[in-house]
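K.L.:
kindly generate the corresponding structure for this input.
(one chain, ligands or ions: 1)
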Amino acid sequence: MKKVLVTGGLGQIGSHVVEMLLERGDKVFVIDNLATGRREHLQDHPDLTVVIDTIADKALVEKLVGDFRPDAIVHTAASYKDPDDWYSDTLTNCVGGANMVDAAKKFGVGRFIYFQTALCYGLKPMQQPIRLDHPRFPGGSSYAISKTTNEFYLELSGVDYVTFRLANVVGPRNVAGPLPIFYQRLKDGKQCFVTNARRDFVFVKDLARVVLKAIDGVGHGAYHFSSGKDVAIQELYDAVVTALDVPGKPKAELKELGPDDVFSILLDPSRTFEDFGAIEFTPLQETVSAAMAYYQKYGTLGEYTHLRLEGKK
Ligand SMILES: NC(=O)c1ccc[n+]([C@@H]2O[C@H](COP(=O)([O-])OP(=O)(O)OC[C@H]3O[C@@H](n4cnc5c(N)ncnc54)[C@H](O)[C@@H]3O)[C@@H](O)[C@H]2O)c1
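P.N.:
Below is the predicted model of the structure:
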């Protein structure tokens, strides 16, 4: 039995990790401020404690880590809702992130699992697929700047860590990016838009299984969690229309790529396969159908994209 503290445990990735940990008999402590998470994402469980509060509170973080004494910290909490809200991004991702790393160091937490954005490689990466040694140029967004700061603190700390650098993790409880937007617009009878961009969409439960291995000691340092293959946004849209069985199968309107849009973001996953073993990636239609079943039950939270949408301040 392990004790695991999960920040952001009521969010997409965190809640799936928590469920898998509880299933195998671990004790889990969650802290989440409900910025983008929902209490109903986790059912009550005798081995689960949930605190609704912020990791930006240093005294609180020290008390929680000092009292619970986790074997591992899974740090999924992040702020990204509004590209112009630098205050919230730095407060959660820099101050809160540093609080978590500092507490891990102070109380000798054995493993620290972090989740970094592929935007750390900049808006125009120099390679395709992007290798782990690609320089980090997070200057293009407040989210990437603050997330990368947290990753640098982790590297500085000397704590044994794994950082999963991610492109597009989707499935049930995914509140940001194209899937909730397509769902909501189709439901409201509104026009959907696609570009000819391509992305690698991976299923959140596939990632969560690998996170459990990392908690148990597999891996050290940076990894890409990625299938290594991309799909067109148009294919993603078609999978949404199929999953929802939308009458008349409405077509999406093709738009030019915006100035901040990259045609394709592919992350080289070879180190992940070497250290964590082969990963059976869930097919796109199954992933999208699982996400749609979630939105049909819980609805969406709004249109978050990490980056400023063209024409939208
Ligand atoms: N989903 C992706 O495609 C993706 C891609 C790259 C990186 N990531 C990273 O993975 C992690 C998890 O992403 P997700 O998709 O589960 O997002 P999410 O929004 O579903 O989960 C984040 C959780 O953190 C909580 N939170 C935010 N600020 C907090 C604070 N100050 N204190 C406590 N809790 C706070 C939110 O309420 C939410 O429950 C994040 O760190 C994110 O930066 C995700």
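K.L.:
in contact with residue 211, which residues?
P.N.:
For residue 211, the contacting residues are 13, 17, 74, 113, 164, by C-beta atoms under 8 Å, 6 or more residues apart in numbering. (Glycine included, C-beta is placed from N, CA and C.)
K.L.:
and the helices in the stretch 51-200 of the chain?
P.N.:
58-68, 86-89, 97-106, 142-157, 178-187 (DSSP state H, counting those that start in this stretch).
K.L.:
same question but for the stretch 201-313 of the chain, I mixed them up
P.N.:
All helices of the stretch 201-313 of the chain, identified by DSSP H, counting those that start in this stretch, fall at 204-215, 233-244, 270-276, 284-298.
K.L.:
tell me which of the contacts of residue 211 is nearest to the ligand?
P.N.:
Of all the contacts of residue 211, the ligand sits closest to residue 13, with 3.5 Å by C-beta to the nearest ligand atom.
K.L.:
so what's the residue count around that closest one?
P.N.:
As a burial measure, residue 13 scores 26 neighbours (other C-beta atoms under 10 Å).
K.L.:
mind telling me what element it is part of?
P.N.:
Using DSSP states H and E, residue 13 maps to helix 12-23.
K.L.:
what comes into contact with that helix?
P.N.:
Contacts of helix 12-23 (C-beta under 8 Å, 6+ apart): 2, 4, 6-9, 28, 30, 32, 37, 41-42, 45, 47-48, 74, 76-77, 115, 169, 171-175, 204-205, 207-209, 211-212, 215.
K.L.:
just checking the distance from stretch 144-153 to the centre of its chain.
P.N.:
Here the centre of stretch 144-153 is set off from its chain's centre by 14 Å, with C-alpha atoms, centre = their mean, to the nearest Å.
K.L.:
give the rounded mean pLDDT of it.
P.N.:
The average pLDDT within stretch 144-153 is 98.
K.L.:
quickly list the domain ranges of this structure.
P.N.:
Listed domain ranges for the chain are 3-170+201-225, 178-199+229-265+283-298 (source: automatic domain parsing).
K.L.:
residue contacts, residue 74?
P.N.:
Residue 74 neighbours (C-beta under 8 Å, 6+ apart): 4, 5, 6, 7, 9, 14, 17, 113, 211, 215.
K.L.:
and with 7 Å instead?
P.N.:
4, 6, 14, 17, 113, 211, 215 (C-beta atoms under 7 Å, 6 or more residues apart in numbering).
K.L.:
of the residues you listed, closest to the ligand?
P.N.:
Taking C-beta to the nearest ligand atom as the measure, the ligand sits nearest to residue 14 out of the contacts of residue 74, at 5.6 Å.
K.L.:
that closest one - nearest residue in space that isn't next to it in sequence?
P.N.:
Spatial nearest neighbour of residue 14, excluding adjacent residues (C-beta to C-beta, 6 or more residues apart in numbering): residue 76 at 3.9 Å.
K.L.:
what about the nearest residue to residue 7 once chain neighbours are set aside, neighbour count?
P.N.:
For residue 7, ignoring the flanking residues on the chain, the nearest one in space by C-beta to C-beta, 6+ apart is residue 77 at 3.8 Å. As a burial measure, residue 77 scores 29 neighbours (other C-beta under 10 Å).
K.L.:
list the contacts for residue 77?
P.N.:
Contacts for residue 77 were tallied using C-beta under 7 Å, 6+ apart; they are 7, 8, 32, 55, 92, 96.
K.L.:
ok, 8 Å please
P.N.:
Shown in contact with residue 77 (C-beta under 8 Å, 6+ apart): 7, 8, 11, 14, 31, 32, 33, 55, 92, 96.
K.L.:
quick one, phi psi at it?
P.N.:
phi -60, psi 130 (degrees, to the nearest 10).
K.L.:
surely residue 83 meets residue 143?
P.N.:
Yes: between residue 83 and residue 143 there is a contact at 7.1 Å, judged by C-beta atoms under 8 Å.
K.L.:
pick out whichever of these two has more residues nearby.
P.N.:
Under the criterion of other C-beta under 10 Å, the comparison of residue 83 against residue 143 puts residue 143 first, with 25 against 18.
K.L.:
in this structure the more buried one contacts residue 84, no?
P.N.:
No: look at residue 143 against residue 84 with C-beta under 8 Å: they stay out of range, at 11.1 Å.
K.L.:
list the contacts for residue 102?
P.N.:
Counting by C-beta under 8 Å, 6+ apart, residue 102 touches 58, 157.
K.L.:
and residue 56, how far from the ligand?
P.N.:
Relative to the ligand, residue 56 is positioned 5 Å away (C-beta to the nearest ligand atom, to the nearest Å).
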